[in-house]
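J.: Pasted the sequence and its predicted model underneath.
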Amino acid sequence: DGGITQSPKYLFRKEGQNVTLSCEQNLNHDAMYWYRQDPGQGLRLIYYSQIVNDFQKGDIAEGYSVSREKKESFPLTVTSAQKNPTAFYLCASSIRAAPYEQYFGPGTRLTVT
Amino acid sequence: QQQVKQSPQSLIVQKGGISIINCAYENTAFDYFPWYQQFPGKGPALLIAIRPDVSEKKEGRFTISFNKSAKQFSLHIMDSQPGDSATYFCAARPGTSYGKLTFGQGTILTVHP
């Protein structure tokens, strides 16, 4: 089955620790995205990548980092500099010709205490 | 100017009724307006989308109405069913910005049997 895999579904970390969220897709999509979802605030774009080895900051990139070494993978690191990291994180992908038609993974719920 | 304002925050409809969700925007550079449907614990899924050169688009029980002069668009769900109970997000994309969707705050729809 083609799709986007995010793991783990639930993640717990202590404050001050960096944590990396996994996102893998087998849709052969060129572009990938990371969003953060908080109650009542919709989805906010953290980072996006149009092609391997290239990525751009979204609207709320501070405290986050990404890499895009392979087409299939776009991991997100939540660093200790992110002041309020507890949230639901969503990864998405799209073909280059239709970047607005994004396909989302099931999400990872991160809780930092 | 990048915001998309969505209302209502929550909506309760009886089975068979019409659900209406509204969105408004300011940025005239937006050129693509998708709606996403999200079930609890899942990632959003593209439901239907419209471009500003079309005033209405219908797919099954789902219709987008678009008013370019008022900078508003809405989702109508006809004959609402309990299975439609989900969170709905409107979004918009500026034509100059690859893949950068701006999402509304979301509407939690509950359809009572």
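T.: All right, it came through fine. Numbering: from 1, shown residues only, chains lettered A, B, ... in the order given.
J.: Which helix or which strand is home to the closest residue to A:Ser93 other than its chain neighbours?
T.: Leaving aside its sequence neighbours, A:Ser93 sits nearest to A:His29 (Cβ to Cβ, 6 or more residues apart in numbering or on different chains; 3.8 Å). Backbone N, C-alpha and C define where each C-beta goes, glycine included. Element membership of A:His29, judged by DSSP states H and E, is empty: it is in no helix or strand.
J.: A:Arg96: neighbour count?
T.: 12 (other Cβ atoms under 10 Å in any protein chain shown).
J.: And the pLDDT at it?
T.: Looking at A:Arg96, its pLDDT reads 78.
J.: And the nearest residue to it once chain neighbours are set aside, how far from A:Ala97?
T.: Spatial nearest neighbour of A:Arg96, excluding adjacent residues (Cβ to Cβ, 6+ apart): A:Asp30 at 4.5 Å. As for A:Asp30, its distance to A:Ala97 is 9 Å (criterion: Cβ to Cβ, to the nearest Å).
J.: can you check A:Tyr35 too?
T.: To A:Ala97, A:Tyr35 is 21 Å away according to Cβ to Cβ.
J.: do B:Ile64 as well
T.: Counting by Cβ to Cβ - B:Ile64 and A:Ala97 are separated by 22 Å.
J.: out of the two, which sits in the more crowded spot?
T.: B:Ile64 (23 against 8).
J.: State the distance from the residue nearest to A:Ser93 to B:Ala70.
T.: A:His29 is 35 Å from B:Ala70, by Cβ to Cβ.
J.: try B:Pro44
T.: For B:Pro44, the distance to B:Ala70 - Cβ to Cβ - is 26 Å.
J.: So for these two, which residue has more residues nearby?
T.: Counted by other Cβ under 10 Å, B:Pro44 and B:Ala70 do not tie: B:Pro44 has more neighbours, with 28 against 8.
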